[in-house]
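**Student:** Here is a sequence with its predicted model. Questions after.
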Amino acid sequence: MCPRRAGEVRRRGRVRRRALRIADDARHPYSQIFADVGLGALYLRKGEFDSAVSRLEHGAGLCQTTGVLMLLPYLASMLGAAHAASRRLGEALPLLERAVDMSTSMRVMAGRAVLGSFLSEGYLLAGRRDQAARLASQALDIARRQKERGWEAWALRLCGEVSAAGEETTKAEQFYLESRALATELGMRPVVAHCDLGLGKLYGRTGQRERAHEHLGTAATLYRDMDMRFSLELEQAEAGMKPTQMSDGPNTQ
């Protein structure tokens with residue numbers, strides 16, 4: 001991993017763990033919940049799903065016992081996303097659906113795009129592509145309407161995933177490239193990596209092995225640099241690439 005990038009990831013982790021210790025010592029529920037949100041989001045981004053579940057479950061429990069319900073939809077949504085990423089869909093989908101329902105009943109608009117995106121991803125993993133497509137499109141519209149450019153980049157990538165699942169190759173490529181460009185502009189390197197992974201899988205399935213190798217290699221490099229512990233064996237197999245090829249991708253630093 002690039003030392004500067006690795007140091008930044010470790011620094012953020014230390015800051016969030018320190019915030020949690022301070023909040024716990026003060027026994028201040030709102031601060032404890034925010035600290036759980038921060039650490040849970042960090043673990044989710046890095047692919048440490050069991051650690052994410054532990055922290056997010058703690059935060060959700062605090063929300064319910066202390067009556068701080070405004071943050072519950074976001075905790076439930078991230079918790080559902082962590083279960084979905086671990087393929088525990090029976091636990092994931094009810095949480096993701098509940099999160100969207102809660103935010104709607106509370107009339108909370110902030111973050112609505114991410115709640116819909118996480119639910120869309122859950123439906124896509126469950127093979128419910130039509131529902132996933134509808135929610136992904138809605139999430140993109142909401143992000144653009146509310147000028148949430150970060151979630152716009154995320155929703156564009158998700159639209160690419162949905163299109164790829166439906167073998168709409170041209171549409172998928174366009175969504176991935178648009179998401180990648182916006183994420184690059186905003187400095188959202190995890191989204192850039194996810195787009196490269198999506199493009200690599202897409203090109204692999206359409207026989208464009210050179211382009212597949214380039215994008216999968218770039219994704220692997222970015223994941224390593226950010227200490228994101230995603231297993232790429234399945235994606236390698238889907239793209240028809242040998243596992244050893246992943247380590248030979250271009251360095252983007």
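**Tutor:** It's in. Numbering: from 1, shown residues only.

**Student:** ranges for the strands of this structure?
**Tutor:** Using DSSP state E, the chain contains no strands.

**Student:** which residues of it fall in helices?
**Tutor:** Assigned by DSSP state H, the chain shows helices spanning 3-26, 29-46, 49-66, 72-85, 89-105, 112-125, 129-145, 149-165, 169-186, 189-205, 209-225, 233-239.

**Student:** Tabulate those in CSV, adding columns for mean pLDDT.
**Tutor:** Converted to CSV, the helices of the chain look like this (pLDDT from 0 to 100):
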stretch, mean pLDDT
helix 3-26, 47
helix 29-46, 86
helix 49-66, 92
helix 72-85, 95
helix 89-105, 94
helix 112-125, 95
helix 129-145, 96
helix 149-165, 96
helix 169-186, 97
helix 189-205, 93
helix 209-225, 90
helix 233-239, 46
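
**Student:** Switch those helices over to CSV; also include mean neighbour count.
**Tutor:** The C-beta positions use only the backbone N, C-alpha and C, and glycine is treated the same way. Shown next, in CSV, are the helices of the chain (neighbours: other CB atoms under 10 Å):
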stretch, mean neighbour count
helix 3-26, 13
helix 29-46, 20
helix 49-66, 18
helix 72-85, 25
helix 89-105, 18
helix 112-125, 25
helix 129-145, 19
helix 149-165, 24
helix 169-186, 18
helix 189-205, 23
helix 209-225, 21
helix 233-239, 16
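
**Student:** Give me the residue at the spatial middle of the protein.
**Tutor:** Nearest to the mean C-alpha position of the chain, counting by CA atoms, centre = their mean, stands R45 at 6.1 Å.

**Student:** Quick one: residues contacting it.
**Tutor:** Shown in contact with R45 (CB atoms under 8 Å, 6 or more residues apart in numbering): 190, 228.

**Student:** Distance-wise, check it relative to A113.
**Tutor:** 17 Å (CB to CB, to the nearest Å).

**Student:** what's the answer for E148, then?
**Tutor:** On the measure of CB to CB, E148 and A113 end up 6 Å apart.

**Student:** Overlap in contacts, the two.
**Tutor:** Taking CB under 8 Å, 6+ apart as the contact rule, E148 and A113 both touch I142.

**Student:** Next one: the residue lying closest to L119 once chain neighbours are set aside from D196, what distance?
**Tutor:** In space, and not counting its chain neighbours, L119 is closest to L96: 4.2 Å by CB to CB, 6 or more residues apart in numbering. Separation of L96 from D196 (CB to CB): 26 Å.

**Student:** Wait, D196 touches T218, no?
**Tutor:** Yes. Applying CB atoms under 8 Å as the test, D196 and T218 come out as touching, 4.5 Å apart.

**Student:** neighbours around R229, how many?
**Tutor:** 12 (other CB atoms under 10 Å).

**Student:** pLDDT score for it?
**Tutor:** R229 carries a pLDDT value of 74.

**Student:** D50 is in contact with that one, correct?
**Tutor:** No. Counting by CB under 8 Å, R229 does not reach D50; the two are 11.0 Å apart.
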